[in-house]
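Novice: Give me the fold of what follows.
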Amino acid sequence: MSREEVQEKSLVFLLSSVVSWRHFIETLEHMSADGSKKNAMESLARIQAMLDFSQQTQFDEWIKDLRTVDNDRRISWTPKPASEKYEILNTQIADLRSMSRQDFFS
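Specialist: Numbering: from 1, shown residues only. So this is what the prediction gives:
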């Protein structure tokens, strides 16, 4: 298993134990090598950068459910082998690079 696959499975395991918005933000704030506090949105962006489209859709649904689900534990997204995602992620990156700044924020 590649380093990326181990990292992804670890993130899925960690985030799948999160059951509230507050817990989610606190988890994101401590996603650093030493567990020190950092910007939650930067952590979220790093997670989203490693997801392909179908995983991003699952992750978005999981985030939306945080506000409505009490103690029902759902998996945050389905891990995939890195080899299955390279082409999709490269396409997504190319699409983002081709967008103008105005398109991106509108």
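Novice: in the chain, which residue is closest to the centre?
Specialist: I47 (3.4 Å; C-alpha atoms, centre = their mean).
Novice: element containing the nearest residue to A40 once chain neighbours are set aside?
Specialist: What sits nearest to A40 in space, not counting adjacent residues and going by C-beta to C-beta, 6 or more residues apart in numbering, is L28, at 3.7 Å. For every residue, glycine as well, the C-beta is placed using N, CA and C. Using DSSP states H and E, L28 falls within helix 21-29.
Novice: Averaged pLDDT, that helix. What do you get?
Specialist: In this model, helix 21-29 has a mean pLDDT of 90.
Novice: Quick check: the residue nearest to the centre of the chain touching S10?
Specialist: No. Using C-beta atoms under 8 Å, I47 makes no contact with S10, being 11.5 Å away.
Novice: What ranges does this structure have for its helices?
Specialist: 3-15, 21-29, 40-49, 53-66, 82-98, 101-105 (DSSP state H).
Novice: Show residues contacting the third one.
Specialist: The set of residues that contact helix 40-49 without belonging to it, under C-beta atoms under 8 Å, 6 or more residues apart in numbering, is L11, L15, I25, L28, E29, M31, Q56, F59.
Novice: Just the closest of those to S98, please.
Specialist: Each of these was scored against S98 by C-beta to C-beta, and Q56 proved nearest at 18.2 Å.
Novice: Just give the nearest non-adjacent residue to that closest one, would you?
Specialist: Looking at Q56 with C-beta to C-beta, 6+ apart, the closest residue is Q48, at 6.4 Å.
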